[in-house]
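K.L.:
Turn this into a structure:
(one chain, ligands or ions: 1)
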Amino acid sequence: MDPRYDIPRRAAGGGGGGSANSSPALGSQSRRRKMPPRPADFKLQIIIIGSRGVGKTSLMERFTDDTFCEACKSTVGVDFKIKTVELRGKKIRLQIWDTAGQERFNSITSAYYRGAKGIVLVYDLTKQETFDDLPKWMKMIDKYASEEAELLLVGNKLDCETDRIISRQQGERFASRISGMRFCEASAKDNFNVDEIFLKLVDDILSKMPLEVPNKELSNSVLSLQPEPEVPPELPPPRMRCC
Ligand SMILES: Nc1nc2c(ncn2[C@@H]2O[C@H](COP(=O)(O)OP(=O)(O)OP(=O)(O)O)[C@@H](O)[C@H]2O)c(=O)[nH]1
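P.N.:
I've put the predicted structure just below:
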């Protein structure tokens, strides 16, 4: 398993169960153990929202695992993945929340907006109704998200150019009407613009953070402002999906 990706809910158990490397029987070998990786300087939460089937899970999985599932099941409630990236000389641990697009889950998913520093709002550029739903999602953002959250509108499924219904200009126009919202088109399937979406969003978030404070101060301020509530305490744990 790629060590960059770990599921915090498992790691948080604290048991860890002692790996071979930690066995006292290894004696001098243990002195040759590799240094543990440098801890993250920042922890950021990003949430992906949008109507059912627009490709939220696909974008997340392409970014975190570089995989694509042709026939995925709909997300139930919320799911998340972790990915650590380095930007502006800082190590950033991203917690990416993938929400269900179905309206019946809104009461669950809305609880995850508040802690998000970045919001990716996705529509499917081959499906008019997913674009028509955008004002509804903006209302959710206005109601539940922090005003400081960075916003990015994504027209997904760019590989389906022949089935395109929503022009690039329409997407751009929608985003331009919302203060500070960025826009881009992407394809989770073809892995086009996927890394760019997340990295640009993180870069925008970092550009507004005081990166140059000493590390000690950082851990007392930014990190404590951003505790890692793997799951808001009042909610049931996110249900994992399978393909
Ligand atoms: N052609 C194409 N298909 C895509 C792309 N992204 C996702 N899909 C497909 O669209 C379908 C829905 O993708 P999901 O990632 O499950 O969509 P979602 O937004 O997470 O859906 P919900 O969990 O129901 O809200 C799946 O069959 C994917 O394979 C893309 O970039 N191009």
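K.L.:
hey, let's count contacts and neighbours off CA atoms from now on
P.N.:
Will do.
K.L.:
Bridged to the residue nearest in space to the middle of the chain, which residues?
P.N.:
For the chain, residue 96 is the residue whose C-alpha lies nearest the centre (Cα atoms, centre = their mean; 2.4 Å). Beta-bridge pairing of residue 96, defined through DSSP bridges, involves residue 46, residue 81.
K.L.:
Next one: it from the ligand, what distance?
P.N.:
In this structure, residue 96 and the ligand are 13 Å apart, going by Cα to the nearest ligand atom, to the nearest Å.
K.L.:
you'd agree that residue is up against residue 81?
P.N.:
Yes - Residue 96 lies in contact with residue 81 (Cα atoms under 8 Å); the separation is 5.3 Å.
K.L.:
what touches both of the two?
P.N.:
residue 60 (Cα atoms under 8 Å, 6 or more residues apart in numbering).
K.L.:
can you pull out the strands in this structure?
P.N.:
Along the chain, counting by DSSP state E, strands occupy 42-50, 78-87, 90-99, 118-124, 150-156, 182-186.
K.L.:
Of those, which stretch is the most buried?
P.N.:
strand 118-124 (a mean of 26; mean count of other Cα atoms under 10 Å).
K.L.:
is it up against the ligand anywhere?
P.N.:
No - using Cα under 6 Å from any ligand atom, strand 118-124 never reaches the ligand; the gap is at least 7.7 Å.
K.L.:
So what's the gap between stretch 182-193 and the chain middle?
P.N.:
Counting by Cα atoms, centre = their mean, to the nearest Å, stretch 182-193 is centred 15 Å from the centre of its parent chain.
K.L.:
Now do it, average pLDDT.
P.N.:
Averaging the model's pLDDT scores along stretch 182-193 yields 98.
K.L.:
Name the residues of the chain found near the ligand, please.
P.N.:
Counting by Cα under 6 Å from any ligand atom, the chain sits next to the ligand at 51-58, 69-75, 100-102, 156-157, 159-160, 187-189.
K.L.:
In helices, which of these appear?
P.N.:
56-58 (DSSP state H).
K.L.:
Report the buried members of these.
P.N.:
56-58 (16 or more other Cα atoms under 10 Å).
K.L.:
Quickly name whichever of those residues is closest to residue 179.
P.N.:
Taking Cα to Cα as the measure, residue 56 is the one of these closest to residue 179, at 22.8 Å.
K.L.:
wait, what's in contact with that closest one?
P.N.:
Per Cα under 8 Å, 6+ apart, neighbours of residue 56: 48-50, 98-99, 122.
K.L.:
Repeat the analysis, applying 7 Å as the threshold.
P.N.:
For residue 56, the contact set (Cα atoms under 7 Å, 6 or more residues apart in numbering) comprises 48-49, 98, 122.
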